[in-house]
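Participant: After the sequence you'll find the predicted model.
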Amino acid sequence: MPVAPLVLNKDVYTLNAEEERMLILRKYRALLRVLKPRIKPGDKKLLRRAFEIAVEAHSEMRRKSGEPYILHPIAVAQIAVEEIGLGVTSAICALLHDVVEDTEVTLGDIEQEFGVRYARIIDGLTKISNVVDLNATTTIQAENFRKILLTLAEDPRVILIKLADRLHNMRTLDSMARDKQLKIASETTYLYSPLAHRLGLYEIKSELEDLALKYLQPEVFNEISQALKDTHRDRSRYINEFIRPLKEMLEVAGLDFKIYGRPKAINSIWNKIRTKHVTFEEVYDLFAIRIILNSSPEREKQDCWKVYSIITNVYRPSPERLRDWISVPKGNGYEALHTTVMGPGGRWVEVQIRSSRMNDIAEKGLAAHWRYKEDNAQESKLDSFLQSIRDLLLQAEHGDTLEFLQDVKLDLFTEEIYVYTPKGDMRVLPKGATALDFAFDIHSDLGTHCIGAKVNYKLVPMSHAVKSGDQVEIITSAKQQPDAEWLDFVLTGKAKSKIKSFLKEEKRRIAQDGKVIMEKKLQALGVPLSKANITEMCSFFQKTDSTDLFYGAAVGNFDLRELKNFRIEGERMLQPAKETNLDSRQLIPEDAVPHPKGSEVVIFGDTQDKILYKLANCCQPIPGDDVFGFQSPGEGVKIHRTDCRYAAQLLAHHGHRVVKTKWAKNKEISFLCGVSITGLDDVGVIQKIANVVTGDLKMNMRSLSIDSHNGVFDGTIMVFVHDREELDLLSQKLIESGGISKVERLEASDL
Ligand code: MN
């Protein structure tokens, strides 16, 4: 199970100086041990030097837990080498990753000591290190995220070390304050785990996600890990029963292999429960069987298929669940054969077949891929991924970084599909991509002139979503040009930014005509089209810049006759006074919201009159829910549940606006809450529900609706409760009453 090993020794800070010194040395020697097979002559001295510099530089610093700070960079180096498969250079950079940022040591010192190659990597690490800045504004945050992608494109080692750094911080998050935990965990789900996924670091991705869940939704995390523990014995028994016949036959076939069962990560189990609306018991794929073959690169493909054929001789496969990532590896380099078969007792079981080389790639991702690239002629798919990030960054214009980030993130997150050109070349696109995305993926000219497409020889509109295996031919017209509407149906960052930059170019062109119009108008008024006058007009007509103003003049989206109302003083135009009817919210700058620093909002407590707050509509928290406060400009503090679907985004982008929150202990206010219920049709069910709610619990029920069909019913109960405890009690009592098999809290979107 990828639950974090407890790296942090809670008693460390009670050590005396000598014991501490020994501990540091021991950790450093452990690092040398994992590096040993890769150390070349001269490396040892460099490593020692880096270690000494780091120890010296951090000597006065301690982590929040009380440990000496130096243990952190050593741990990061250890992760980089052991879990990501990086080498000596990266280990040295990991040891030094925080010195330029936090100590007297400068980048110049590093360059002098180790050379420019090292300095560049550490510079990259330093640049992106202040991403976790609770006081940074939205724009700075977005800019930081952009920097991360930039450095990724320059030298992927920077981002790999950064991931090691993040993993260690997540493993030791216990000692941080609650608001920092939320912020760091959200940032992890928002950016770092998708990045780890995209780079093929599956192990690290799962661990990051599980750790994030542990802090964002501790209840869910504990419940699922407990359930996994409780069912462990049954599961092992089943896995052994499943494996036994396979093992025998694989041995008979003379294969060298390892076979084992592996539980799914807690976060992915939670995702199933949440998205498929099932209970823990109903998640059928709590584990997967993995077969790792020791086989030479020349034989591995046929050996994997041999294993497939043996498995399907024993168990019946589900034909639509065969995934061949050996013939066509995933974009991040992942190779394996997946099949789902019917195991004993009629349970579906997923089996993953890989060679040990493929397994290394699956666990260590990018780094492992590089290592094999030399002896493997096959070109790295990751190179093309990195290239596409570089392309995106080149196109991204300064200013709308947040928007750009959203576009890139979509590319990072979504599943991939494989689509073919008429000549049979394969292109990898995110799931949900349209024919127009495909056109832009091939060439921006093809995209800008696209009028439609033929998918598998059938004519479709350019907004048609393509599927894996489709063959797509783009139809163009020289007269065609992009339209703002296109942005509604393209998915890829590449298509979006190309269309946007075309539209901008178009706007600039039209603005040229507008400029001529304005020049004439101003000539008539006897004033020049000077910078000062343009600024004055922009302010009056509410335009952001001169292009915006001229464009508006050309397309007539404001009334040029109003220019007559301007006062003229010499060469200057002065705008007439106008009545203000601006939305009051616009008058409050984003960051001017009073920040009750260090204070805590107590909801429905004594601070009620001092701080304005509202319960968020999206997740409708009630007392007892795990919540955080979020400052919304002009609206005071909004209270969200930490499992709100907007939480990760809010916390990652606007962490500086998070306010500590807790519920007051009084029970004066009740909240309207909804639960959905399902069960087997039962004549007395309404009576039972009424008995539970209004009889046993004496709750105030607002409405009850039941819908039954084919012997099953589902319904909704709306009820007033004071807090989470009462709501949980209601669920428990309903289940105990019999006849009702599932009770779920309704989300705002269901209401
Ligand atoms: Mn660090």
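Facilitator: Nice, I can see it.
Participant: The residue of the stretch 501-650 of the chain found nearest the ion: how many residues sit nearby?
Facilitator: Nearest residue of the stretch 501-650 of the chain to the ion: residue 648, at 21.9 Å (Cβ to the ion). No exception for glycine: its C-beta is placed from N, CA and C like everyone else's. Other residues near residue 648 come to 21 when the count uses other Cβ atoms under 10 Å.
Participant: by contact count, what packs against the strand or helix carrying it?
Facilitator: Assigned by DSSP states H and E, residue 648 belongs to helix 647-653. Contacting helix 647-653 under the criterion 3 or more Cβ pairs under 8 Å, 6 or more residues apart in numbering; DSSP states H and E are the following elements: helix 138-154, helix 178-187, strand 627-632, strand 636-641.
Participant: got the buried residues for that helix?
Facilitator: 647-648, 650-653 (16 or more other Cβ atoms under 10 Å).
Participant: what do you get for stretch 231-249?
Facilitator: 238-239, 242-243, 246.
Participant: just stretch 726-741 next, same as before
Facilitator: Buried, per 16+ other Cβ under 10 Å, within stretch 726-741: 726-727, 729-731, 733-735, 737, 739-740.
Participant: Out of those residues, which sit inside strands?
Facilitator: residue 740 (DSSP state E).
Participant: Can you get me a residue count around the closest residue in space to residue 706 that isn't next to it in sequence?
Facilitator: Spatial nearest neighbour of residue 706, chain neighbours left out: residue 715 (3.7 Å); criterion: Cβ to Cβ, 6 or more residues apart in numbering. If you count neighbours by other Cβ under 10 Å, residue 715 ends up with 18.
Participant: Then residue 250?
Facilitator: Neighbours of residue 250 using other Cβ under 10 Å come to 20.
Participant: surely residue 460 meets residue 467?
Facilitator: No. The pair residue 460 / residue 467 is not scored as a contact, 11.4 Å apart, by Cβ atoms under 8 Å.
Participant: of those two, who's got more company?
Facilitator: Each of residue 460 and residue 467 has its neighbours counted (other Cβ under 10 Å); residue 460 has more, 18 against 14.
Participant: Give me the pLDDT for the nearest residue to the more buried one once chain neighbours are set aside.
Facilitator: Once flanking residues are discounted, residue 460 sits nearest to residue 453: 5.6 Å by Cβ to Cβ, 6+ apart. We have a pLDDT of 91 for residue 453.
Participant: Output stretch 98-116 as CSV, restricted to C-alpha atoms.
Facilitator: What follows is stretch 98-116, C-alpha atoms only, in CSV (Å, rounded to 0.1, in the frame of the first residue of the first chain):
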residue,chain,number,x,y,z
ASP,A,98,17.7,25.1,-0.6
VAL,A,99,21.0,26.8,0.1
VAL,A,100,20.8,29.7,-2.4
GLU,A,101,17.2,30.4,-1.4
ASP,A,102,17.6,30.2,2.3
THR,A,103,21.2,30.8,3.2
GLU,A,104,24.2,33.1,2.5
VAL,A,105,25.6,30.8,-0.3
THR,A,106,25.1,32.4,-3.7
LEU,A,107,24.7,31.0,-7.2
GLY,A,108,28.1,32.3,-7.9
ASP,A,109,29.6,30.2,-5.1
ILE,A,110,27.9,27.1,-6.6
GLU,A,111,29.2,27.9,-10.1
GLN,A,112,32.7,28.4,-8.8
GLU,A,113,32.7,25.2,-6.8
PHE,A,114,30.8,22.8,-9.1
GLY,A,115,30.6,24.5,-12.5
VAL,A,116,27.9,26.1,-14.6
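Participant: Now tell me what touches that stretch from outside.
Facilitator: The contact list for stretch 98-116 (Cβ atoms under 8 Å, 6 or more residues apart in numbering) reads 46, 49-50, 53-54, 57-58, 61, 69, 72-73, 92, 96, 118-119, 122-123, 126, 129-130.
Participant: Let's see which of the residues you listed end up in helices.
Facilitator: 46, 49-50, 53-54, 57, 72-73, 92, 118-119, 122-123, 126 (DSSP state H).
Participant: Report all helices and strands that the following helix or strand past the helix holding residue 648 contacts.
Facilitator: For helix 647-653, the following helix or strand on the C-terminal side (DSSP H and E) is strand 658-663. The contact analysis (3+ Cβ pairs under 8 Å, 6+ apart) places strand 658-663 against helix 178-187, strand 600-603, strand 627-632, strand 636-641.
Participant: what angle do the longest one and strand 658-663 make?
Facilitator: Between the axis of helix 178-187 and that of strand 658-663 there is an angle of 120 degrees, by axes from the mean of the first three to the mean of the last three Cα atoms, to 10 degrees.
Participant: Please apply the same query to the third one.
Facilitator: Here the directions of strand 627-632 and strand 658-663 differ by 140 degrees (the same axes, to 10 degrees).
Participant: Please name the strands paired to strand 627-632 in the sheet, noting orientation.
Facilitator: Here strand 627-632 is paired, per DSSP bridges, with strand 636-641 (antiparallel), strand 658-663 (antiparallel).
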